[in-house]
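Novice: return a 3D structure for these sequence lines:
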Amino acid sequence: MALGLRHGGASVGAALAFWLGNPILNPATMVFMGFVLGWQWVGLRVAVGVVLVFGVAYFVRWFVREEEVASQPVAAMAAAAPRAPAGGSIWARWLRELGRLSVQLIPEYLVLVLALGAARAWLFPAVGAHSTGVLWVLGLAVAGTLFVIPTAAEIPIVQTLMRGGLGVGPAAALLTTLPPVSLPSLVMLARAFPRRVLVFVAVSVFALGVLSAGAAVALGF
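Specialist: Numbering: from 1, shown residues only. Sure, this is the predicted structure:
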């Protein structure tokens, strides 16, 4: 959807807000999280999500030139896209666009997901009774930023790891970094956003994950 928004001419700020806000501020996910993990986690997730969605969009507009974010990626995508007849019903045009995006995105998505799956033993090491330190926070913030999961899957993952002994700090880092971005999404959107925007987004997600860990510990979750 974010790629389609950029291809359709949406600004980087609008596309970023949709891309980041859709998974991390999903209302159904919030309700599920409240009943499974507790409503204090929902408050933490909302705070991180609001800062991420609105803060990242603001700073991207601040440090990237307007003409770069507004024109170059869209122009590049339009030049690279195969030209299709403009006629036909809305459903025919929708199917043509879906087919084009599927051919472009699905192969690289599958390759990256398989690669991350093969590396999951290093991304998510065994959890024990002492999985509470700073290194766990940093490691799981990195893993959460890179790994791809279905919507709301972070909730049972965090619940299971906490039952195995994971501390609230690393759990908060994982809960706030898993949903918004992943390595596959960053790679697939490289054709739609300037690379420094994607680097800034990934670093922001990691940093907010670490800060959310500190907040969870300080607030006694």
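
Novice: what about the residue most central in space within the chain, which SS state?
Specialist: Computing the C-alpha centroid of the chain and ranking residues by Cα atoms, centre = their mean puts V181 first, at 1.8 Å. At V181, secondary structure determined by DSSP: H, G, I helix; E, B strand; the rest coil is coil.

Novice: now it. Nearest residue, chain neighbours left out?
Specialist: Excluding its sequence neighbours, the residue lying closest to V181 (Cβ to Cβ, 6 or more residues apart in numbering) is V205, at 5.3 Å. Every C-beta, even on glycine, is put in place using the N, C-alpha and C of the backbone.

Novice: so which strand or helix has the one you found?
Specialist: Using DSSP states H and E, V205 sits within helix 195-218.

Novice: can you list contacts of that helix?
Specialist: When contacts are defined by Cβ atoms under 8 Å, 6 or more residues apart in numbering, helix 195-218 is touched by residues 12, 16, 20, 44, 47-48, 51-52, 55-56, 59-60, 63-64, 69, 137-138, 140-142, 144-145, 167-177, 180-181, 186, 189-190.

Novice: how far does stretch 180-197 stretch from one end to the other?
Specialist: End-to-end distance for stretch 180-197: 15 Å, by Cα to Cα, to the nearest Å.

Novice: check the offset of it from the chain's centre.
Specialist: Relative to the mean C-alpha coordinate of its chain, stretch 180-197 is positioned 9 Å out (Cα atoms, centre = their mean, to the nearest Å).

Novice: and it, what's buried?
Specialist: Across stretch 180-197, burial judged by 16 or more other Cβ atoms under 10 Å covers 180-186, 188-189, 192-194, 197.

Novice: list just the nearest of those to A153.
Specialist: Closest approach to A153 among the buried residues of stretch 180-197 (Cβ to Cβ): S182, at 11.6 Å.

Novice: how about that closest one, nearest residue that isn't a chain neighbour?
Specialist: With sequence-adjacent residues excluded and distances taken as Cβ to Cβ, 6+ apart, S182 is closest to V148, at 3.8 Å.

Novice: likewise P23?
Specialist: P179 (4.0 Å).

Novice: so who does that neighbour touch?
Specialist: Neighbouring residues of P179 by Cβ under 8 Å, 6+ apart: P23, I24, N26, T29, I149, T151, E154.

Novice: picking that back up, show me what counts as buried in the helix holding V205.
Specialist: For helix 195-218, burial by neighbour count (16+ other Cβ under 10 Å) applies to 197-198, 200-202, 204-206, 208-213, 215-217.

Novice: returning to that earlier point: I figured the residue nearest to S182 hits S185, correct?
Specialist: Yes: using Cβ atoms under 8 Å as the test, V148 is close enough to S185 to be in contact (7.1 Å).

Novice: show me the contacts of P179 that map onto helices.
Specialist: P23, I24, T29, E154 (DSSP state H).

Novice: how about those residues in a markdown table, adding distance to V127, pLDDT and neighbour count?
Specialist: Formatted as a markdown table, those follow (distance: Cβ to Cβ, whole Å; pLDDT from 0 to 100; neighbours: other Cβ atoms under 10 Å):
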| residue | distance to V127 | pLDDT | neighbour count |
| --- | --- | --- | --- |
| P23 | 24 | 90 | 20 |
| I24 | 23 | 91 | 26 |
| T29 | 23 | 90 | 20 |
| E154 | 15 | 87 | 25 |
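
Novice: quick check, nearest of these to R96?
Specialist: Closest approach between the ones in helices among the contacts of P179 and R96, by Cβ to Cβ: P23, at 27.3 Å.
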